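# predicted model, plus sequence, below.
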Amino acid sequence: MGNALLEDRIEAVLGTVQKPSRYIGGEANQVRKPHATSLVALCYPDAYEIGISNQALQILYGQVNGREEMAAERVYCPWPDMADAMRRQRLPLFTLESWRPVREADLLGITLQAELTYSNVLEVLDLAGIPIRAADRGEDDPIVVAGGPSASNPAPLAPFFDAVFMGESERAFDAVLDVIASVPGRAARLARLAENPYLYMPSQRRHPVERAVYADFAIDTHPARVVVPYSSAIFARASVEVMRGCTRGCRFCHAGTWYRPVRERSPDEVVEAGLAQLGCTGYDELSMTSLATSDYTGIVPAIEKIKSRLPTLHLSLPSNRVDTGPVALTAAANARQSSITLAPEAATQRMRDIICKTITDEMIEQAIEAAFKAGYTSLKMYFMIGLPRETHAEVQGIVDLGIKAREIGRRVRPGGGRFSVHVSASNFVPKPHTPFQWEGMASRKQLEAKQAYMRRAMPTRQIRLSLHDLRTSMLEGALARGGEETADVIEAAWRGGARFDAWSEMHRQDAWDAAFAAAGTSVDEQATREFGEWDELPWDHVRSGISKEFLLDEWGQSRAEVATGDCRWDGCTDCGACFGPVRNRLVN
Amino acid sequence: MTYRITFAVTGRARFLSHLETVDAMLGALRRAGYDIALSKGMKPRPVISLALPRAVGVQAQADLADVALHGDHDPAEVAERLDAQLPHGIAVVAVEPAEGPKAAARVDAAEYEVEVEEDVDWERALRAFAAADSCEVVRTAPNKPDRTVDVTRYCSSIEHEPGLLRMLLRMTDAGTARPDEIAQAVAGLEGRTATIKRLVRTRIALRPQPVGARN
Ligand code: SF4
C-alpha cells in the first residue's frame, strides 16, 4: 500500500477522534530523516500527553537520530477511540514523524516506566500488526526491545519481547544500534544481540544480565532540541538533569538502588545545558531534575549562575527533601510558584527508621514553617501507607502532621493570609531490587481501613486529603514482582479489555480479576505475596550491581528499625554499585 | 507593538485545536527570540488573539492572529523568523503592524471552500437554496436541548464548481453558521447528505476600522 493512500486513510480517521493532535507529529524540534536506511520506533506505551515529556526517551531520540543512517520516530498508545477506529478501518499503528507503519521499523523500543502500562504494551504490538509473542514473529517483524526502570523485573512481559535492555541507554545502547545498522535480517541480528551483556534475551531463559551504568554522565548526551509538545496542558518547561542516582537509601525506593551510584554534573555544565534547551524550546521555565535535587552539591552556584544569565527565568526544583535550606532556595528560584511539595513519606520517627528516611520531626516542622514564611500558600506533603510493620500510630501520625502543618500555617502566614495544606497518601508497593522486595503489600482490607480512618480523622478545613485508588495500587503490586507466569495473566486481561490501567476511569477491575482467576490466583494474592530470604526471585538473574547481601542487610536493619547512613557522607556500606570508573562523583 | 500575523494551517496541522494553535504560535515566537507582552492583572497572560477560532480538521489559508511584542521590529523579519520556528504545517503568509481594535473584534465574514463529492445535484440544490425563505438546520450539543437555526441569513453568497462549494459566511452578533452545516442544509434540499472531503477557510474579512479608532 502506498504511503499517500495510508495518509489519506489516517486523515479520514483523525477527523472522528478526540484530540487528534496526539497522532499528527510535526511539533517543533521533531526530526525527520527521509533518507535514513534504518528506522527505530520509540514507544512510550501511554497517551501522547503522558509520554511526550519523558526524559529518557528524549535522550534516546537524540542518541538514535545522532547517527547518520538511522531515524528515530515516536509512537504512543492510541486512546481507545482511536484504537477502535484503527481496527475498524484496518489502519496499522504508525509513527508520528512520517506516518510509517510501526511494523516497518527495524527496532521497536518500548520504555517501561510503570507496571500500569503493561496492558498497553500488548495493545501497541497488536495495533502495529506485530505478533504479541516474540516466538510468533517472523523475519519481517521488528526486533522488539524493552527498557526503562520497570524492565528491571523482565519476567511479567518476557514472552512479548525479543530483548530487554537493562540500565542507562547513553553509550551502552549504541552497541544495540550498531547491530541494527550493520547486520541484516532479524535472526542474524538477534544472534548478535545475544552477545550484549546488557540485553536479556527471554528466549534464553533467565540468563544473567548486567545493568548498564553511564559512568561519565557527560553533558554531551544531554538533549537540547527536545520535542515541544502540542497543548500547554502538558509539563511545558525545559529541564536539565543535574544529577543521576541517589544513595539516601530509602528502602522502598526502586530508583534509589537502580540508578546508583550518584553522579553530579558541574554547575557550568548544568547552566550551559539548561540555556541550550531553553533556547531551542522557547520555554520560560527550567526544571533542575534528579531524584533529589536538593542533595545536588552544586545547587547554589548553579542557581546563581543561571539567574545571573537570565534574571527573569523561573526555576523549578522538584524538591522533595525535607530541609529548610532547600525550601528557601526553591522559594528564591521561582517567584511565581505558589505551592511547594515536601515528602516526609512517613510521619513517625519509628516508621522513618524502618524505611530509612533520615529526617526528624523537628526538621519536618522547620521545613513547614520555612515554607509558609517564604510565602507559599499551598503546602503539599507526600506520605505512604501500608508500609511494612505499620501500626495505627503511623497512620495517626499522618493525620497529626496534617493538623500540625495547619497550626504552623495559621501561626506564621504573614498577616494571617490564606493557605491550604494538601496531604497525599499513596499505597506502598514493594518493588524488585529494593530491600523491601521480599515484603508483601498490605491487604486491600487493611488499606481500605487505613484510608477510611484517615478520611474520618483528618479535618477538612484548610486541609485536603488525597488517597490513591486501591484498585490501581493493588494491580501495580501484583505486576511489579510477578514471575513469568504473570505474562499469561497480562495477555488475558488485555484480551478482556484492560487498557490504560493507571487511568482510574479506564481501569477494568473485571478484566484483571478474570485473568488472575483463570490462572488460579488473584490480584490480591499476588500483591500481598511475601518471599522468603532463600526463595529464588523472578529477577535474581538481573545483576543490578547491588548485592543481595546488601539488600538483605538493609531488610534486616529495617526490622531492627535502624536507619543506614548515606555513603556520600557517612562512608561506603558496600552495596556493590561502585567498581572501576563507576563511583559516587560529587562536584563539591 | 502589536503585529497582525496572517498564517496558513495545512496538512496534518489542521488537526490542532484552537488552543493548541495559539500555544504553537506563542512557542514559535519565543523560540524566534521575541519577548511577548503580558496582560496586566493578577494572572498575566501573553497578549495574543486569533481573529476566529478554527474548528479541528479545518484548513486555513489566511487566518489572523494579533500579538503584542515588546520592542519595534521589522515585520518582514518577524515573518521570516517566526515561520522558521512554527510546527510543520503552520506557515506565515504575512506580518504587518496592527493598529486599532484587534481583528477578533472586527470579523465581518469568513470565506470557505468545501470540497464535496458530486453525488448531489449541487446546481439545482443551490437554486432551491437561493429561492428558499429559510433553511433550517438542527444543532445538537451534549447536555443541551436541540436548537433549530435558519442558516440562510448567515450565508452571504454560495457558488458551486465541480467538486467544490465556495461560500461567504457572515459573523453576526446573533452568531454564524458552519460551512459543513451550510453544505448539509443545501444537500438536504435535494434530499441528500453531502460527502465532505475537506474544509478550507480561505479568508477572514474584517470590518473597516472605525474612523478615529485608537489602540
Ligand atoms: S558501593 Fe559504596 S559508595 Fe558506591 S553506591 Fe554503594 S554504598 Fe555508595
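Right, received. Where do you want to start?

# how about the residues of chain B that lie near chain A?
Within chain B, the positions lying close to chain A (C-beta under 8 Å from any C-beta of the partner chain) are B:11-13, B:15-17, B:19-20, B:23-24, B:27-32, B:56-57, B:85-89. No exception for glycine: its C-beta is placed from N, CA and C like everyone else's.

# mind redoing it with 10 Å?
Residues of chain B lying close to chain A (C-beta under 10 Å from any C-beta of the partner chain) are B:11-17, B:19-24, B:26-36, B:43-44, B:46, B:56-58, B:85-90, B:196-199.

# what subset of these is buried?
By neighbour count, with 16 or more other C-beta atoms under 10 Å in any protein chain shown, the residues of chain B next to chain A hold B:11-17, B:20-24, B:26-32, B:34, B:36, B:46, B:56-58, B:85-90, B:196, B:198-199 as buried.

# pLDDT below threshold where in chain B?
The model of chain B has pLDDT under 70 over residues B:210-215.

# give me the most central residue, chain A.
A:Q113 (4.3 Å; C-alpha atoms, centre = their mean).

# for B:A8, see how far away B:T176 is.
21 Å (C-beta to C-beta, to the nearest Å).

# could you dump the lengthiest helix in chain B to CSV, C-alpha only?
Across chain B, the helix with the greatest residue count (assigned by DSSP state H) is helix B:18-31. Taking Å, rounded to 0.1, in the frame of the first residue of the first chain, the C-alpha atoms of helix B:18-31 are listed here in CSV:
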residue,chain,number,x,y,z
HIS,B,18,-7.7,26.4,18.6
LEU,B,19,-5.8,26.4,21.9
GLU,B,20,-3.0,24.3,20.5
THR,B,21,-2.7,26.6,17.6
VAL,B,22,-2.3,29.6,20.0
ASP,B,23,0.3,27.7,22.0
ALA,B,24,2.2,26.7,18.9
MET,B,25,2.2,30.4,17.8
LEU,B,26,3.5,31.6,21.2
GLY,B,27,6.1,28.9,21.4
ALA,B,28,7.4,29.7,18.0
LEU,B,29,7.6,33.5,18.8
ARG,B,30,9.6,32.7,21.9
ARG,B,31,12.0,30.4,20.0
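
# tell me what it is packed against?
helix A:267-281, strand B:2-9, strand B:48-50, strand B:59-68, helix B:75-85, strand B:90-97 (3 or more C-beta pairs under 10 Å, 6 or more residues apart in numbering or on different chains; DSSP states H and E).

# got the CA positions of the second one in CSV?
Output in CSV follows, covering the C-alpha atoms of strand B:2-9 (Å, rounded to 0.1, in the frame of the first residue of the first chain):
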residue,chain,number,x,y,z
THR,B,2,1.1,44.8,18.0
TYR,B,3,1.6,42.8,14.9
ARG,B,4,-1.0,41.1,12.7
ILE,B,5,0.1,37.7,11.5
THR,B,6,-1.6,36.2,8.6
PHE,B,7,-1.0,32.4,8.6
ALA,B,8,-1.9,29.2,6.9
VAL,B,9,-2.7,25.9,8.5
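
# now do that strand: distance to the chain's middle.
Distance of strand B:2-9 from its chain centroid, counting by C-alpha atoms, centre = their mean, to the nearest Å, is 12 Å.

# packing partners of it?
So strand B:2-9, by 3+ C-beta pairs under 10 Å, 6+ apart, packs with helix B:18-31, strand B:48-50, strand B:59-68, helix B:75-85, strand B:90-97, strand B:196-206.

# tell me the SS of the residue of chain B positioned farthest from its centre?
Relative to the centre of chain B, and counting by C-alpha atoms, centre = their mean, the farthest-placed residue is B:M42 at 30.5 Å. Secondary structure, DSSP: H, G, I helix; E, B strand; the rest coil: B:M42 is coil.

# same thing with A:T521?
coil.

# run a quick neighbour tally on it.
If you count neighbours by other C-beta atoms under 10 Å in any protein chain shown, A:T521 ends up with 16.

# quick one: it from A:A511, how far?
A:T521 is 15 Å from A:A511, by C-beta to C-beta.

# got the domain ranges for chain B?
Domain assignment for chain B, taken from automatic domain parsing, gives B:2-105, B:107-206.

# next, count neighbours for residue 164.
Using chain A here. A:V164 has 27 neighbouring residues, counting by other C-beta under 10 Å.

# that's the wrong chain, I wanted chain B
Neighbour count of B:L164, defined by other C-beta under 10 Å: 16.

# excluding chain neighbours, what is closest to A:T117?
Distances taken as C-beta to C-beta, 6 or more residues apart in numbering or on different chains place A:P45 nearest to A:T117, at 4.5 Å, with adjacent residues excluded.

# which SS state does A:R74 fall under?
Using three-state DSSP, the three-state assignment for A:R74 comes out as strand.

# so what's the residue nearest to it when sequence neighbours are not counted scoring on pLDDT?
Distances taken as C-beta to C-beta, 6+ apart put A:L96 closest to A:R74, at 4.7 Å, once the chain neighbours are dropped. Looking at A:L96, its pLDDT stands at 97.

# circling back: with respect to the ligand, which of the domains of chain B lies nearest?
The closest of the domains of chain B to the ligand is domain B:2-105. By C-beta to the nearest ligand atom, the value is 40.0 Å.

# count of residues packed around the closest residue in space to A:D501 that isn't next to it in sequence?
The shortest distance from A:D501 to any non-neighbouring residue, by C-beta to C-beta, 6+ apart, is to A:L116 (4.3 Å). The tally of other residues near A:L116 (other C-beta under 10 Å) stands at 21.

# state whether A:L116 is indeed within a helix.
Yes - counting by three-state DSSP, A:L116 is found in a helix.
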